[in-house]
Each structure stands twice: as C-alpha cells, then as structure tokens.
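Enquirer: my questions concern the predicted model and sequence given below.
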Amino acid sequence: MELSKLSVKAVREGLVQKKFSARELVEAYVKRIEATDEKIGAFLTVTADLAKEQAKQVDALVASGRELPSLAGVPVAVKDNILVQGVNATAGSKILESYVAAYDATVVERLRKAGAIILGKTNLDEFGMGASTENSAFKITKNPVDPKCVPGGSSGGSTAAVATNEALVALGTDTGGSSRQPASFCGVVGLKPTYGRVSRSGVIAMTSSLDQVGSIARSVEDAAAVYGAIAGHDSRDATTINQPVDSPKWKKSLKGVRIGVAKEFFVEGLDPEVESNVRKAIERLEGLGAKIVELSLPHTHYSLPVYYVTVTSEVSSNLARYDGIRYGASATAGNLFGVYTKTRARGFGPEAKRRIILGTFALSAGYADKYYKKAQLLRQLIREEYAKAFEKVDCLVGPTTPTPAFAIGEKVDDPLTMYLADVLTVPANIAGLCAISVPCGENPNGLPIGLQFIGRPFGEAELLSIARVYEENAR
Amino acid sequence: MTFTKADVDRLAKLARIELTDEERDRFSRQLSAILDYVSQIAEVDTSRIAPSFAAPDLANALREDAVKPFGRERELVDAAPSHRNGLVAVKAVKEE
C-alpha cells in the first residue's frame, strides 16, 4: 500500500471498492510509525490498540453496506494538547506527564463520529508555546524533509507525522501560526479556521481569545474534509458561533477573485528565495484569472507585540490551574504554598515560566491598562484595518514564514528571535480571520516554502476554494 | 523599562513559581528584551477605539440552568495526586 498516494477520498473509495480494509490500512500506518518514528520523533503516544478497535468498527460498517461517514477509515494524529479519553495528554509538559484524559475533546468526539481512526498523540512545544517543537519537555521532533532542521511549532509532531506519511491527516492547534508555520516548514497544508468556528472544549487552553484547532493534511481538499468534520457550534464552548459550516465550492479558475498583496508582508529579513517563490506564485494567481490588488496594512506589524502581550497575559491565567492539586505532577513540601511553587518550578519549562512571569506583569495593578488593555485596543484597530482591506479584496496572499525551516538549536537560546518567526502568521489570529498555508516550492537546499492565503472572518469556504485552485496549478 | 532580579522574583512569587538564582538572572535579561519589544504598542493612538471582545459577533451565550450529569467524576478525582474517599486531599490552607 503506497501511503503517500492516499487521500481522504482514496481511502473512502478503497474501502467501498474493497481494495483494502480499514484493518490493513491501520496496520500499514502503525508499521510506518514503527519504522520511522524513532528517527523523526513525531509521536508521544501511539494508540495502536485503540486504532485497531476503531478499524474493526469501520470494517463492520463497510460490510453492512450502509453509507460511510465523511472520514471513515482515515488515520489521524492528534496533537497532545487535545484530549482523547483514556489516553495520556501531556501538552508537551512535565507537569502533565502522567495525566490521563477523563473525556474526549469535542473535536475528537466529532472525528470519531466521522469514522476517523486515531493513531496517536503528537509532540508539541510545551502548552503550544513555541515555533519549533524544541520546547517539548520530552523529545525533539525532526523535520522529515531535512532531519537537521526543526519541523516548526508548536504543532511540529502532527505536521511531521503527515509530511512523512505516519498519518494521513492531523489535528494541530493554531494560536499564532502553530499549524500554518510547521506546514510551511514541512511542505504540507495547514489551515487555521476563524476563531469561533471550531470548539475548544477539551483543548488544553493556552490563550483563550486566540486558540483554534487546525487541520493539517497533504492537500487542501483533505484539510477541508477534516475541518468540515470538526467545525460547528458546540454548547460546551460558549465562544463558538451558531452558524452553518458551508462546504467549499471547488472551482477551476480564479476569474472574478480579487487577491490583495500587502506590501507589509514582505518584511525585513524575508529570505530572498521565499520572496521570489511567493512573487512567482502571485504571478501564477494572476494567470489563473485573479485580479491582484496592491494594498497597505500599516498597523499589521504591531500584531506581533500585541500577540505576545495577549498570549503571556492569558497564559499566566490559564496555567495557574497546574498547582499540583487536581491533576498532574505534585511536589512534596512542608506547606501548601510550597506545593504550588515547587510543583510549578519543576513541572514547567523555561518558556512557560517566562511567559507566565511576563503575563503576570502585564496584568498586574498599575500595568494592566498600559499593557493588556492597550494590546486589546490595538488589536481592535488591526481588526478594523483588515476589515477595510476585505472591502476591496476577497483574500490576501503572502509568505507564511520569513524563512524556511531553521536548524535544530539555532534559535532556542534567544526567545525574541524565535518570536519573530511568527510575524507573518499572527495577524490572522489577532484580526480574527481564517488562513491557510499551502506549499509553494522549495529553496535550493530542498527546504519547503509556504504560501499563505488569508480569508475574511468565517470565510473558510471561499478561502479553501481559492487555495485549491492555486494548489492544482502549482506543479 | 527593565526587569531587575527583584522584579522577576516578586512576579514569580505572585505566579507561585520558585526560581533558581540562575533563572532569576537569565529571565531578567530575556524578559527585559521582550518587554522592550512589546512596549512599542504604546506608540499607537488608540483613543478612538472602543474596547471589544475577541469575538465581537458573540454576545452572552447562555444556556438553561439545568444539570447534565457528567458521568466520569471518578476519573476526575482519580487524576488528583492525592485523594481519599472520592475527595481531593489538600494541605492545610491556613497554618496554625
């Protein structure tokens, strides 16, 4: 079975036409993981038994002749900050090393209902904080295209798994680019839905006003299939919107589509090969019928400092629950205060500690107005600036990341340099938009380059259809 | 504005995290650089902007005040590092 030739559609056809069974499919993927993951390090937990059990159910469904649900038999990897009942969920942190999830995240419930098969939990930067997966407390994940390089982060494990055929699709999360940036680094597709489209119930919280579950796949169509299965209102998440999830209308040309190119996306420090690939891609979009509109988003670069004030503040609040009392690691101490301070000292990695401390400052008396509140006002300004742009265009396009994948260890000692890697992805999170990264060539060393499309709020259907036209014509 | 080691220490206490000397030193340097970077948000005039929620189309998302049994209370308590008789055990909150 050629795993690299599979897709969500091919799996469905294969099962229906009895070319293979779900059991054979799972066996092939588990074998692939066994052969590959020691080198790549994408998985923290492999749920082979669970997968085989789910495969049995899918095969029974196929045998019954009944209609198959949308992701029947599709092997999926789940980022380890998303809860799968009965399975270890670490969020990449020592503080949750032994934690076993008591319930499924809503997105996992929906995957199960759609017939998807859960292969395991993947590696990530601790609590989703990072852009390289090097902040995981457990292991380094290597970029399958070049194992000396990082896969990106924080959803590095999910992305590497998809890129190297250890899973057909994966769930990641995206708070500032954590599904799009690794997709760009590994040469696959990463989608960030609009905040409010996908439930965060059962997703270990990092930044409550930004977190979203991302779909990672090798094609736009497959990413769309995963998104379609998990998106939609959830009564358990009051921040989800109560609006129907439209399916993309696939098309063949971009005639009538207005695509905006913001000059601010071509940032200082943009790798010249990334720039040239992206500009070539823009020409191709024009060739496909799109009207290219040049515009300016003068405040977009403030997205990054706004992001880091917002993230650190909300992280300091969300990580307060890890106190050695209700779950996770717990230190022995003479008194309660000691239990808290020692548990958290030992359980959190340096990036988590830094962000908690900075966030505590940004929310503290005398500083909250100047930092957190100011950031939210500036965030609103940025959102309005993007909304104005979307009056003139249907989507925006630009590079996903300023550079291709960097070497393992290269940026890990300088947090600020690592933060700057997110400069092109955070605006979509801050401005409440949807966005997708698709592969657009490689640099001379074979490192993938990503093209990012940004769509209007809740405009996933259009965004996906535009991205797919590019993808179909990019080879 | 820079973070001194004393600043870092005070914030760490608020955040209930015990730090080593080395961490105090390293974080004060790293955090000063990051704070310096994010402080640029002060440059922008936001006087005409009204504060808004992250998801402005959502207003109070309410539900009926009805209990829905969760069913896995056991698993939740079992996850606690210390528990007795179905209850989570905690050190004394107030010392004698």
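Expert: On my side now, so go ahead. Numbering: from 1, shown residues only, chains lettered A, B, ... in the order given.

Enquirer: for the rest of this, base every contact and every neighbour count on C-alpha atoms.
Expert: OK.

Enquirer: what does the helix or strand bottoming out on mean pLDDT in chain B rub up against?
Expert: Least confident helix or strand, chain B: helix B:73-78 with a mean of 90, by mean pLDDT, DSSP states H and E. Helix B:73-78 has contacts (Cα atoms under 8 Å, 6 or more residues apart in numbering or on different chains) with A:A102, A:R326, B:H83, B:G86, B:L87, B:V88.

Enquirer: now stretch A:259-267
Expert: Contacts of stretch A:259-267 (Cα under 8 Å, 6+ apart): A:275, A:290-298, A:300-301, A:389, A:393-399, A:402, A:424.

Enquirer: what comes up buried for it?
Expert: A:I259, A:G260, A:V261, A:A262, A:E264, A:F265, A:F266 (16 or more other Cα atoms under 10 Å in any protein chain shown).

Enquirer: count the neighbours of residue 23 for me.
Expert: You didn't say which chain, so I picked chain A. 18 (other Cα atoms under 10 Å in any protein chain shown).

Enquirer: if you could check chain B rather than the one you did, that'd help
Expert: B:E23 has 17 neighbours, counted by other Cα under 10 Å.

Enquirer: what helix or strand does it sit in?
Expert: helix B:21-38 (DSSP states H and E).

Enquirer: let me know how buried the residue nearest to A:P147 when sequence neighbours are not counted is, in neighbour terms.
Expert: Once flanking residues are discounted, A:P147 sits nearest to A:I40: 7.3 Å by Cα to Cα, 6 or more residues apart in numbering or on different chains. Applying other Cα under 10 Å, we find 22 residues neighbouring A:I40.

Enquirer: OK, contacts around A:I40?
Expert: A:I40 makes contact with A:T141, A:K142, A:N143, A:P144, A:P147, A:A160 under the criterion Cα under 8 Å, 6+ apart.

Enquirer: farthest-separated two in the residues you listed?
Expert: A:P147 and A:A160 (10.3 Å; Cα to Cα).

Enquirer: about what we covered before: what is the helix holding B:E23 packed up against?
Expert: Packing partners of helix B:21-38 (3 or more Cα pairs under 8 Å, 6 or more residues apart in numbering or on different chains; DSSP states H and E): helix A:303-318, helix A:350-362, helix A:415-420, helix B:5-14.

Enquirer: pull the CA atoms of the last one into CSV?
Expert: Extracted C-alpha coordinates of helix B:5-14, given in CSV (Å, rounded to 0.1, in the frame of the first residue of the first chain):
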residue,chain,number,x,y,z
LYS,B,5,16.1,40.3,39.5
ALA,B,6,13.9,41.6,42.3
ASP,B,7,11.1,42.4,39.9
VAL,B,8,11.3,38.8,38.5
ASP,B,9,11.3,37.5,42.0
ARG,B,10,8.2,39.4,43.0
LEU,B,11,6.4,38.3,39.9
ALA,B,12,7.4,34.7,40.3
LYS,B,13,6.1,34.8,43.9
LEU,B,14,2.7,36.1,42.5
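
Enquirer: the inter-axis angle of that helix versus helix B:21-38?
Expert: Angle between the axes of helix B:5-14 and helix B:21-38 is 100 degrees (criterion: axes from the mean of the first three to the mean of the last three Cα atoms, to 10 degrees).

Enquirer: helix B:5-14 and chain A in contact?
Expert: Yes - contact of helix B:5-14 with chain A (Cα under 8 Å from any Cα of the partner chain) involves B:V8, B:L11, B:A12, B:K13, B:L14.
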